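Asker: I need the structure of the sequence given here:
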Amino acid sequence: MPYPHGMFSWIDVSVPDPETAKPFYTGLFGWDAEDAHDPDGNYIYTMFSKGGKAAAGMAKMPPERAGMPSFWMSYATVDDLEATVAKWTAAGGSVLMPPFDVMTSGRMAVVADPEGAAMALWQAGDSVGGEVFNEHGALTWNELNTRDSAAARDFYGKAMGWEFEEFADAAPGGYWVIRLDAKEGGGAYRDDKNNGGVMTMDDNWPADVPPHWMVYFHVDDTDTAAAKVGDLGGTVAVPPFDTVAGRIAVVADNQGAHFSLIATPDEA
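Answerer: Here you go, the predicted structure:
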């Protein structure tokens, strides 16, 4: 069955050269990679899996975006794509790619909030999205970094129906957990109602960093994983540091796409 409306369910990365990005991610997370091609043999997409379960995807940056930075995209499941896009725009957001079919896998749209942070909306067809979460090498968190967290919470409440709970002392500028009562995480996380976070970008953030969604992968050991990023040709943007939620590092792959690593306490 599809995941409930509003749940973060998939992630993928867009890079100029998927062929050289594949060994980076398979080496870092132990993923398997399977390429999809069109009838003419042209590359379409890479599906990464972990233990036979879908973990993430990868696409090649289209020619019209040549020169743009590589990036990870967060996807949220929606019950009705057109209706959600209408709510999104009514609340003040914009549509970067209008709804379209992804063969029989589902329908999607790419949207941006009023500050410009982009994400994707996914209405499931044959594919519900990810099949593994919250373990080493799997998606564990999606976080909005925004200059105006109050306005962002108001927007996403209207557009996505999310609720928010303040997480005291999580970040200097303030932090809110996105709550989704209908969330189904599976396994030990089936009762987990947390669906991501909202962080305020205070004056410590460089002025040229725009609001954005950040993808977090769970790892068994943040320091070991961050060192491996460097060994595989990536970079460590923010070295490992401790937080109330766990030990985090911000890194980039060998083509510049940023993401975060986190090792959480057992009870987190």
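Asker: Helices of the stretch 101-250 of the chain, start to end?
Answerer: Remark: helices assigned in the stretch 101-250 of the chain by DSSP state H, counting those that start in this stretch are 149-160, 222-231.
Asker: Could you dump those into CSV and include distance to Pro69, mean pLDDT and mean neighbour count?
Answerer: For the C-beta atoms, the positions are set from N, CA and C on the backbone; glycine is no exception. Below are the helices of the stretch 101-250 of the chain laid out as CSV (distance: least, CB to CB, whole Å; pLDDT from 0 to 100; neighbours: other CB atoms under 10 Å):
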stretch, distance to Pro69, mean pLDDT, mean neighbour count
helix 149-160, 22, 97, 19
helix 222-231, 17, 98, 17
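Asker: For those, give me a markdown table that also has distance to Glu135.
Answerer: Converted to a markdown table, the helices of the stretch 101-250 of the chain look like this (distance: least, CB to CB, whole Å):
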| stretch | distance to Glu135 |
| --- | --- |
| helix 149-160 | 26 |
| helix 222-231 | 13 |
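Asker: what's the burial count for the closest residue in space to Gly92 that isn't next to it in sequence?
Answerer: Spatial nearest neighbour of Gly92, excluding adjacent residues (CB to CB, 6 or more residues apart in numbering): Pro114 at 4.6 Å. Pro114 has 17 neighbours, counted by other CB atoms under 10 Å.
Asker: Output the below-cut-off pLDDT ranges for the stretch 151-268 of the chain.
Answerer: Scanning the stretch 151-268 of the chain for pLDDT under 70 picks out 183-191, 266-268.
Asker: Now do stretch 200-218: distance to the chain's middle.
Answerer: Relative to its chain's centre, stretch 200-218 lies at 13 Å (CA atoms, centre = their mean, to the nearest Å).
Asker: then it to CSV, C-alphas only?
Answerer: Taking C-alpha atoms only, stretch 200-218 is exported to CSV below (Å, rounded to 0.1, in the frame of the first residue of the first chain):
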residue,chain,number,x,y,z
THR,A,200,16.2,28.1,11.4
MET,A,201,19.2,29.4,9.5
ASP,A,202,20.6,32.0,11.8
ASP,A,203,23.5,34.4,11.3
ASN,A,204,26.1,31.6,11.6
TRP,A,205,25.0,30.4,8.1
PRO,A,206,26.8,31.9,5.1
ALA,A,207,24.6,34.5,3.5
ASP,A,208,24.9,32.8,0.1
VAL,A,209,23.5,29.5,1.2
PRO,A,210,19.8,29.4,0.1
PRO,A,211,17.0,27.7,2.0
HIS,A,212,17.0,24.0,1.1
TRP,A,213,15.9,20.5,2.1
MET,A,214,18.7,18.3,3.5
VAL,A,215,18.8,14.5,3.2
TYR,A,216,20.1,12.5,6.2
PHE,A,217,21.4,9.0,6.0
HIS,A,218,21.8,6.8,9.1
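Asker: Could you give me the buried positions within that stretch?
Answerer: 200-201, 211-218 (16 or more other CB atoms under 10 Å).
Asker: from those residues, which single one is nearest Pro98?
Answerer: Each of the buried residues of stretch 200-218 was scored against Pro98 by CB to CB, and Trp213 proved nearest at 19.7 Å.
Asker: Is that closest one in contact with Trp141, as I believe?
Answerer: No: Trp213 is beyond contact range of Trp141, at 10.5 Å (criterion: CB atoms under 8 Å).
Asker: Go through stretch 37-49 and flag the buried ones.
Answerer: Buried, per 16+ other CB under 10 Å, within stretch 37-49: 45-48.
Asker: Rounded mean pLDDT for that stretch, please.
Answerer: Stretch 37-49 carries an average pLDDT of 93.
Asker: Straight-line length of it, end to end?
Answerer: 17 Å (CA to CA, to the nearest Å).
Asker: can you tell me how far Arg247 sits from Pro240?
Answerer: 6 Å (CB to CB, to the nearest Å).
Asker: Could you pull out the residues contacting both of those two?
Answerer: 222-223 (CB atoms under 8 Å, 6 or more residues apart in numbering).
Asker: Closest one to Leu232 out of the buried residues of stretch 37-49, please.
Answerer: Phe48 (14.7 Å).
Asker: What distance do you get for the nearest residue to Gly57 once chain neighbours are set aside to Ala120?
Answerer: Once flanking residues are discounted, Gly57 sits nearest to Asp12: 3.5 Å by CB to CB, 6+ apart. With distances taken as CB to CB, Asp12 is found 8 Å from Ala120.
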